[in-house]
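Asker: Pasting a predicted model and its sequence here:
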Amino acid sequence: MRIGVFICHCGSNIAGTVDCESVVEIAAGFPEVVYATDSMYTCSEPGQEGIITAIHEHNLDGVVVASCSPRMHEPTFRRAVERAGLNRYMFEMANIREHVSWIGKDKAHNTNKAADLVLMAVEKLRRNRPLVAKSFTTVKKVLVIGGGVAGIQAALDCADGGLDVVMVERDQSIGGKMAKLDKTFPTIDCSSCVLGPKMVDIAQHEKISLYACSEVESVSGYVGNFSVTIRRRATYVDWTKCTGCGVCTEKCPSKRSPDPFNEFLGTTTSINIPFPQAIPKKAAINPDTCMKLQKGKCGICAKVCPVGCIDYEQQDELVTVEVGAIVVATGYDLFDWHKYPQYGEGRYPDVITSLQYERLLSASGPTGGHIKRPSDGKEPKNVVFIQCVGSRDRSVDRPYCSGFCCMYTAKQAILTKDHIPDSQSFVFYMDIRAPGKGYDEFTRRAMEEYGAQYVRGRVAMIYPHGDQLIVRGADTLAGTQVEVPADLVVLATGVEASQGAVKLGETLRVVPDQFGFFVESHPKLKPVETNTAGVYLAGACQGPKDIPTSVGQGSAAAAKALGLLSKEQLESDPAVSKVNVNRCVGCQKCIDTCPFGAIKAVTDRMGRLKAEVIETVCQGCGICTVTCPQGAIQLEHFTDNQILAEVNALCPPKMNNVSFE
Amino acid sequence: MSAQDEQRELRIVGFLCNWCSYGGADTAGVARFIQPTDLRIIRVPCSGRIDPLFIVRALLNGADGVLVSGCHPRDCHYAEGNFYARRRLEMLKRFLPITGIDERRFEYTWVSASEGQRWQHVVTEFTRRIHELGPAPFFNPVSEEEWAKLALDGAARGASCACHG
Amino acid sequence: MAKIAYYPGCSGQSTSVEYDLSTRAVCRELGLELVDLEDWSCCGSTPAHTVNHVLSAALSARNLALTEQLGMDLVTTPCPSCLSNLRTAAHKMEDADFRAKANALLDTPCTKQVTAQSVLQVIMEQVDPELIRAKVVKPLTGLKLACYYGCIMNRPPALMQFDNHEHPMVMDNLMTMLGAEVVPYPLKVECCGASFGVPRVDIVTKLAGKLLDAGRELDVDAFVTACPLCQMNLDMRQGQINSALQEKFRIPVFYYTQLLGYALGIDRKELGLKKLCVNPKPVFNKLKETAQAS
Amino acid sequence: MSGEVSQLEELKAAIRGQLDSLDCVIGWEQGYDPLHATPLFIRSEADLERLTISPLAVHNPATYTTGFKGKKIGLVVRGCHSRSVIELLNEKLIERDEVVLFGLCCDGVVSQRKIRAALPADPGFVEAVELGKDELHITVAGEQATLKLQEVLADKCLHCAYPDPLVADVLIGEKHAPRQAASPACQDAFEALGNEEKLAFWQDTMSRCIRCYACRNVCPMCVCQDHCIATSRDHLWMSQENTPVENFMFQMIHVSHLTGRCTECGECERACPVDIPLMLLRRYMNKQVREVFGHQAGIALDKTPPLLTFQVEEARIKERDW
């Protein structure tokens, strides 16, 4: 090899405490170094030109630059050597600024250390080899998992940007939690009026295919080329024929089917369309309550259906789609408040969740928009709201703030007054968290204009008294105990990670945090990326979020997917693991430890198991290399030999008669 | 530590992951946090890339100390690398005593890219520790005389050893 | 017969002697042999631990040590307050430093880990429910009861480790087993005012009055308790409550052992029913009427 | 020992019944003299007749399994051997349906080293060996020496917690009552030494090592086949130079690769021609693995070796204290 070494003065940044000329002299004596020099600013235009000229003049096939941190200028110098015709991996850097000149005062020691670092770089470079990035084409299609407002936004933005979109929704209709809301804060505009048109756009957009009542079963492949298997659950209705006319739902005699859309307040029919604005507006049968499917008797829906779309024999169906990017927008679930014994564990029908209250407020809800309490249908006069039910409470393992409960509680207090002018709302709160445009003003309005009484303290107990509930809590500002007689108690239940999140995370190789929320690539700078290339996050699956933030993230995730797939071809980093099949004994330990699923087992011609790296999926961490006892899988650019060369450069083996070379 | 000892450098090898600790060392440099100069850093992508045998090789080659640093648990750029590293490195650290190599010559810790000050502290403390321990003994005999003595002792000893009297 | 160390507690010798009596009678009937700790000392009640934690723990640890000397590792007591102190002491003694400090105050150190459980827990966990059912000779059929557990019987949950601390059910289940109708009494774990009966009767009349009121609203024939202090505040102070709140409560308040003993057919003298302040006669009359009617 | 004879016949019958469906059954036969056994690869009825299961039959047959991958074989295993098999299964290095395990409830095997030490002089060729109930009668040059079996049992057998196979398709012999494992006294004594003494000891013993790699070749967990990094020129972990430091480096590689996998069958130490007490290193590492991960290799199926998995919060690693 013919190696050139370039020692940078970085003005006086390095030269001030390192004798650069001496380092040049020492470096010139290192193995295979044919050229060594120093320059004032190696990264500058003339500095880079100096490298290029030297490569040509001295016929160099490897370059070491000793200057600043490679985290700073490695890409710069790699481009420079590439301009001179070398492979960019035939380049090494020695960090003699951040790690030497800036932290050590003793010039002799610094000089010595700089020379050592250059020797290390030279020894490693001697074992480098040219690496070439692979290019591959991508599928211009995006999978959006979850049809809540974040997923809807991501899907529409991707589709408008020209990509095909596949949306998978677990429930019968898209719309998510937002579709269940009556109004939204802080504008008090009608939730379904804002969301409805976007849902219709999903149904009508020619680039979007929607799979409702479906779940992602498995994902294989890698960025740009994922293969996704979707399970379409049997609905017992042929959706290609169903017109959503609703005749079946009117005639269905089984009217005791649980109604998840209305948060289990009241019941619905076994065959149903969850709500009038549902997208897709198709009927589906709940097999658990359908008499025909349970007992074989009935069959009325099949008789009344004008298009003959009822199919009691329908089975789950698996569909495979190829996509280039995946947006995860699986949203959240509500905390199960029954974990708090002090709220009655479900013994009192008039203790309900905030989302149930939304359904009571909603004109399309089970009470037609009249607030009637579940126990006796009476209109409540005193409504008590309890905040932080499953938020900011270590005792139930929910130490985090759910973020939007303060706001929707204020909204519900306002709406309560609108619905029942002679009502009185009480809100037990811990702190009011209203950081957002118009948010704090909104909570003030709830108190000042709508007369909601805010009590700062936790509720210790709810107990029945007559036909009322007595809510006992602390008023920490007054330093006293308070008891409020309530006709209805609304619990501001906090946010939990969606139930299937952990399992989906395993499928997608996206890590959930300890609470089940997906972990983003970087908390500040890569909020919608994940550590799996090509998989993006939108909305509350990453952490509690309100509607505007979820929509913003939906657009952000779409922008990332559009950016990724706007390139004709993607390039993979060649510094990835590589298997020497001769050495591989097929024990699959590397496969088990790879965090990215980047290694798969293949069978060779002899029928023996061998590991194979999917170069485009491998992120280059090197966990596998350490896992493999026979060193059969090696991380390129950081091979055992390269690192050992550095170790041996720093600690030359003593008194061994034979050197390592 | 006498002034003279302070002058003489010992050989300390550092293995740092690129994303957190190498960045932390850069941060310390940018902030001009003065550190002892004994340490030389080998950059690896992830603490999960560090084979405990690199550390053994360095120690057997005569390194006076080896310091490993990676991302804090849960912060690994590769999600799980430092979790594997922690197990491997802990096992090495616990194993060293049986070899007679002072386990204090090896340490592993976590430093994030923002923790320049912590890096300075880690380097300073570890270097101080290694200077207190002094130069590591050589595993191989260091002179022709010792080689000869070893050969003679071996011959005299025959098959006897600590366990198999 | 299962032998269990028995710690009666001070109130069992005085204000709640009927609780002690009926407990002994019931346990005998159910095949539990209670072995009295000899020379036991007061658990320290509330005053001790408000003054000095080590002293307080040592008082109870002495009783744990006595249990240990009997060669037993379980001691039982009817009184929730005593139980609370015994369990607190046992828990704190798990810490070696604390144990050393407490043992320094004792003649005979407490070395082993002794567990304390309420008599209620012992009955519910060690006696076969079928045996209880089989032994019922006078079922409580027709009786409408509110079970009142009080605030400290299951609290703090991490220490007491028995039943649901906010919504306990064991006494409810026991009474149902005996044939009574148990109402869903919402104030099961509320405070009765406890020892404020001495310095601030007004607090007790207010709190205990609320408890009685909730029972009356549910139309109960009687209350069932497991705590000497609760029983005293509801029963003995019912007259005070009536005059303070201008009320006319006349609701008998039993220890669960008394009703259990009655159902098992134990002689009434052994149940100390005469010690009750609110005359329980209407309750027994009702039971007799129901028995005759059927 | 009549019990042993009947057990041998029982075992032979069991093997005979399955011999047709197996490529090979690995057991033991008499070696170059009556004192030494050697592995036996049974492929026919005739081979089967040579089978022995006496305490002289020491070799771990699990060592050979990976070489038979893809074929169906039988193994005669003692308790410790079954641990190796379990570990190999757990690491997917062999398949359960490719091995038939003939388990022996084992009362221990001999240490040739101890026999040699107990005999008045180096025996050379042994003419006859007779096994008594608790004794071993050895005839050399017409003279008979009697050794107590207990005194010549291998160290690993004296402290064995798993004398009975933990996995077997056929189980021969009577199961033992549960036993507590213990480390031999020499282990504790060595661990108590200071760093300087320990280092000197290894320098010493490693100068004796002739790098024959017998310790590696008999190790059932050494599965790199011909690709051991110690003898590869591609990854230059160590030179071929025979110096204490390089010899020790090899042992470090071996122990490191055995972390959480060593089943303590003791074959490495048995095979060492220069009597290096290699189990000192293995036992110590295993102890650390037990303490930190609560893991013992090869005592239960479907366990992941501790270095191939992790916990986000490691209960017994306190690395953040530094």
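Answerer: Thanks, I have it. As the structure is a prediction and not an experimental result, all values here were calculated from the model.

Asker: The residue of chain D found nearest chain C in helix, strand or coil?
Answerer: Using Cβ to the nearest Cβ, the closest approach of chain D to chain C is made by D:Ala315 at 19.2 Å. All C-beta spots, glycine's among them, are computed from the backbone N, C-alpha and C. Each residue gets one of three states, and D:Ala315 gets coil by DSSP: H, G, I helix; E, B strand; the rest coil.

Asker: Report all helices and strands that the helix or strand hosting B:Gly24 contacts.
Answerer: In this assignment (DSSP states H and E), B:Gly24 forms part of helix B:21-30. Here helix B:21-30 touches helix A:70-83, strand B:39-44, strand B:65-70, helix B:116-133, going by 3 or more Cβ pairs under 8 Å, 6 or more residues apart in numbering or on different chains; DSSP states H and E.

Asker: rerun at 10 Å
Answerer: helix A:70-83, strand A:91-95, strand B:12-17, strand B:39-44, strand B:65-70, strand B:106-110, helix B:116-133 (3 or more Cβ pairs under 10 Å, 6 or more residues apart in numbering or on different chains; DSSP states H and E).

Asker: nearest to C:Glu190, of the ones you listed?
Answerer: Nearest to C:Glu190, of all the helices and strands packed on helix B:21-30, is strand B:106-110, at 49.9 Å by Cβ to Cβ.

Asker: what are the pairing partners of the closest one, and which direction each?
Answerer: strand B:65-70 (parallel) (DSSP bridges).

Asker: Just after the strand it pairs with, pick out the following helix or strand.
Answerer: helix B:81-99.

Asker: wait, does that next one contact chain A?
Answerer: Yes: judged by Cβ under 10 Å from any Cβ of the partner chain, helix B:81-99 comes into contact with chain A at B:Gly81, B:Asn82, B:Phe83, B:Tyr84, B:Ala85, B:Arg88.

Asker: thinking the residue of chain D closest to chain C is in contact with D:Glu291, fair?
Answerer: No: contact criterion Cβ atoms under 10 Å: D:Ala315 and D:Glu291 do not qualify, at 11.2 Å.

Asker: Quickly list the domain ranges of the chain.
Answerer: Picked chain A for this. A:3-125, A:141-233+A:316-331+A:498-565, A:247-304, A:333-496, A:577-636 (automatic domain parsing).

Asker: You answered for a different chain; I wanted chain D.
Answerer: According to automatic domain parsing, the ranges for chain D are D:1-111+D:158-180, D:183-322.

Asker: possible to save those domains as JSON lines with mean neighbour count and mean pLDDT?
Answerer: What follows is the domains of chain D, written out as JSON lines (neighbours: other Cβ atoms under 10 Å in any protein chain shown; pLDDT from 0 to 100):
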{"stretch": "domain D:1-111+D:158-180", "mean neighbour count": "18", "mean pLDDT": "93"}
{"stretch": "domain D:183-322", "mean neighbour count": "19", "mean pLDDT": "92"}
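
Asker: Which helix or strand contains A:Pro464?
Answerer: With DSSP H and E as the criterion, A:Pro464 is inside strand A:459-465.

Asker: Compare the residues of helix B:81-99 next to chain A and tell me which is most surrounded.
Answerer: B:Asn82 (31 neighbours; other Cβ atoms under 10 Å in any protein chain shown).

Asker: Go ahead and flag the most central residue of chain C.
Answerer: C:Ala226 (2.7 Å; Cα atoms, centre = their mean).

Asker: Test my guess that that residue contacts C:Val253.
Answerer: No: in this structure, C:Ala226 is not within contact of C:Val253 by Cβ under 10 Å, at 11.4 Å.

Asker: any shared contact partners between the two?
Answerer: C:Tyr148 (Cβ atoms under 10 Å, 6 or more residues apart in numbering or on different chains).

Asker: And the strands in the stretch 401-550 of chain A, which stretches?
Answerer: A:424-429, A:453-456, A:459-465, A:468-475, A:480-486, A:488-493, A:495-497, A:535-537 (DSSP state E, counting those that start in this stretch).

Asker: how distant is stretch C:58-75 from the center of its chain?
Answerer: 20 Å (Cα atoms, centre = their mean, to the nearest Å).

Asker: repeat for stretch C:120-132
Answerer: 15 Å.

Asker: That stretch: which residues count as buried?
Answerer: Neighbour-count burial for stretch C:120-132, counted by 16 or more other Cβ atoms under 10 Å in any protein chain shown, picks out C:Leu120, C:Gln121, C:Val122, C:Ile123, C:Met124, C:Val127, C:Ile132.
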